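>>> Can you look at this prediction? I've put the sequence above it.
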Amino acid sequence: MNQDRPRRSALYLPGSNPRAIEKARTLPCDVVILDLEDSVAPEAKAEARRLATGAIRAGGFGAREVVIRVNGLDTPWAAEDLQAAAEVGPDAILLPKVSSPQDVANFAREVGGRARLWGMIETCQAVFRLDVLGQASREHGLDVWVIGANDLVKEMRCEPGADRAPLSPALSLAVMAARAHGLSILDGVFNDIPDLAGLERECEQGARLGFDGKSLIHPSHLEVANRIFAPAPDEVAWARAVVAAYDRPENAGRGVIKVEGRMLERLHLAQAQRLIAVAQAIAGESA
């Protein structure tokens, strides 16, 4: 998995909406998620599957990652979803309600190594099993987690509020577990489409928590997410200063050095190198 790949914005689109899918080919999102699950009515599942897989065969999404979210294994649509998705080779298949290592293993067995896997963290059981889920994710080729905040709120019967205080422990622990196991992780969606100020606050909170980006439900949210989850120019400048300092001959082999009055270790070098790689990738996509 390339953890330097930008995933600032991951836009859900109903697989049953061909106009939305066509528009996605022109939108400034890092990830397109063609949804066969929550946004598709039962009677439209088969058509959504046909349209989503046809869109991937047709291509035209450029540098965007294209992901198919399938229905859960406890539904009548899962087997056909997984088979069809694996056959067309999306960048990944997003698995809903991954709550146990066995869930990961069962999905992985169905896909049979034909596609990368992403997983939704959206149940109370998942939160209490984050460490073993991280281990299972690495074992079975699942390399990105996506928070499903709406389902988690429903299970908890909580009122998240503007500050998402009831969710904060779960969000922080999910980020920690993802990092412990070398996974990327995306924050959940913001539901109030017209409230761009609220979206901005939530994106800023997610960035502070350590998320790589945010899953989104409307194109109008892309600018905010792309801006907030991109490295700031001053951060990139500092990262380049760190790398340049470690590149100096007198610092070769040194673990701890001082740059502009700040003590740095080699872990800061690794962070700086990743930040520069992400910034360069974003610049390349925008060119």
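Yep, that arrived.
>>> what about the stretch 51-200 of the chain, any weak spots by pLDDT?
Along the stretch 51-200 of the chain, no part satisfies pLDDT under 70.
>>> which residues of it fall in helices?
With DSSP state H, counting those that start in this stretch as the criterion, the stretch 51-200 of the chain has helices at 78-88, 101-111, 124-127, 130-139, 149-156, 168-180, 196-209.
>>> Would you mark the buried spots in the first one?
This points to helix 78-88. Within helix 78-88, the residues that qualify as buried by neighbour count (16 or more other Cβ atoms under 10 Å) are 78, 81, 82, 83, 84, 85, 86, 88. For the C-beta atoms, the positions are set from N, CA and C on the backbone; glycine is no exception.
>>> May I ask you to confirm that residue 206 is in contact with residue 215?
No - under the criterion of Cβ atoms under 8 Å, residue 206 lies out of contact with residue 215, with a separation of 10.1 Å.
>>> Pull up the overlap in contacts between the two.
Shared contacts of residue 206 and residue 215 (Cβ atoms under 8 Å, 6 or more residues apart in numbering): residue 187.
>>> Could you count how many residues lie near residue 234?
Here the neighbour count serves as a burial measure; for residue 234 (other Cβ atoms under 10 Å) it reads 8.
>>> Ok, residue 93 next?
Using other Cβ under 10 Å as the criterion, residue 93 is surrounded by 24 other residues.
>>> next structured bit after the helix or strand hosting residue 246?
When secondary structure is defined by DSSP states H and E, residue 246 falls within helix 233-247. The first helix or strand that comes after helix 233-247 along the chain, using DSSP H and E, is strand 257-259.
>>> Show me how far the following helix or strand past that following strand is from its chain's centre.
Where DSSP H and E defines the elements, the next helix or strand beyond strand 257-259 is strand 262-264. Chain-centre distance of strand 262-264: 31 Å, with Cα atoms, centre = their mean, to the nearest Å.
>>> Now the helix or strand just after strand 262-264 - C-alpha only, CSV.
Reading on from strand 262-264 to the C-terminus, the next helix or strand found by DSSP H and E is helix 266-286. What follows is helix 266-286, C-alpha atoms only, in CSV (Å, rounded to 0.1, in the frame of the first residue of the first chain):
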residue,chain,number,x,y,z
ARG,A,266,15.0,10.5,12.9
LEU,A,267,11.3,9.9,13.4
HIS,A,268,10.8,13.5,12.5
LEU,A,269,12.8,12.9,9.3
ALA,A,270,10.4,10.1,8.3
GLN,A,271,7.4,12.3,9.0
ALA,A,272,8.9,15.1,6.9
GLN,A,273,9.7,12.8,4.0
ARG,A,274,6.1,11.5,4.0
LEU,A,275,4.6,15.0,4.2
ILE,A,276,6.7,16.1,1.2
ALA,A,277,5.7,13.0,-0.8
VAL,A,278,2.0,13.7,-0.1
ALA,A,279,2.5,17.4,-1.1
GLN,A,280,4.3,16.4,-4.3
ALA,A,281,1.6,13.9,-5.2
ILE,A,282,-1.1,16.5,-4.7
ALA,A,283,0.8,19.0,-6.9
GLY,A,284,1.2,16.3,-9.5
GLU,A,285,-2.6,15.6,-9.6
SER,A,286,-3.3,19.3,-9.9
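>>> Provide the contact partners of helix 266-286 at residue level.
Defining contact as Cβ under 8 Å, 6+ apart, one finds that helix 266-286 is touched by 3-6, 8, 30, 63, 230-231, 235-236, 238-240, 242-243, 246, 255.
>>> Now render the helices of the stretch 51-200 of the chain as a markdown table, adding distance to residue 278.
What follows is the helices of the stretch 51-200 of the chain, written out as a markdown table (distance: least, Cβ to Cβ, whole Å):
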| stretch | distance to residue 278 |
| --- | --- |
| helix 78-88 | 27 |
| helix 101-111 | 27 |
| helix 124-127 | 27 |
| helix 130-139 | 21 |
| helix 149-156 | 24 |
| helix 168-180 | 15 |
| helix 196-209 | 13 |
